[in-house]
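Asker: sequence and predicted structure, then a few things I'm wondering about:
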Amino acid sequence: MKNLILALMLLFSIQAIYAQDIKESQVPAVILNAYKLQFKNAKLSEWEIKHNGVYEVDFKTSLTGKDHTALYTPEGKLVSYKQEITAKQLPREVKDAIKKEFKGFRIDDVDRYDQQGKVTYKVGLKNSPQEYEVVFSASGAVISKKID
């Protein structure tokens, strides 16, 4: 039991070192202004500062909406944006690749990533008992595949 407590304390200490939740009032104005300009419909914003000085904000665009995450440099530049989307919102090329390369799998969850103009899609695919997490380019090419 003592070892378990020590292990948990170490885990929480490490997490505190690498990221820290902060209040919106602690976010630099340049970042907050860029965020509010780019995501006018954002609601329920939760901020965190990462170990490398990058600011992360998790938010929704409606009370029951999908999850969004944006990463900003200390200078207020958006470097990455992740948006939870539906399978219907996937590009035709990605849907075709899934039908061809993952026949019989169903789409479980989908995230759209935009990293400075480079768009990718992370798709959870299931076909019991197999589960994969696959990253596709916008053209449908498989970038990475791992067992989930």
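Answerer: Here it is on my side, so go on.

Asker: quick check: Asp67 touching Val57?
Answerer: No: between Asp67 and Val57 there is no contact under C-beta atoms under 8 Å: 11.3 Å. Yep, even glycine has a C-beta here, placed from its N, CA and C like the rest.

Asker: the more surrounded of these two?
Answerer: Counted by other C-beta atoms under 10 Å, Asp67 and Val57 do not tie: Val57 has more neighbours, with 20 against 13.

Asker: remind me which helix or strand the more buried one belongs to.
Answerer: Per DSSP states H and E: Val57 is located in strand 55-60.

Asker: buried stuff in that strand?
Answerer: Buried residues in strand 55-60, counted by 16 or more other C-beta atoms under 10 Å: Tyr55, Glu56, Val57, Phe59, Lys60.

Asker: just those residues now: which is nearest Leu90?
Answerer: Leu90 has its nearest neighbour among the buried residues of strand 55-60 in Lys60, at 20.5 Å by C-beta to C-beta.

Asker: ok, Glu46 - contacts?
Answerer: Counting by C-beta atoms under 8 Å, 6 or more residues apart in numbering, Glu46 makes contact with Asp21, Val57, Asp58, Phe59.

Asker: that one: which element?
Answerer: Here Glu46 is assigned to strand 43-50, by DSSP H and E.

Asker: what about that strand, distance to the chain center?
Answerer: Relative to its parent chain, strand 43-50 has a centroid offset of 13 Å by C-alpha atoms, centre = their mean, to the nearest Å.
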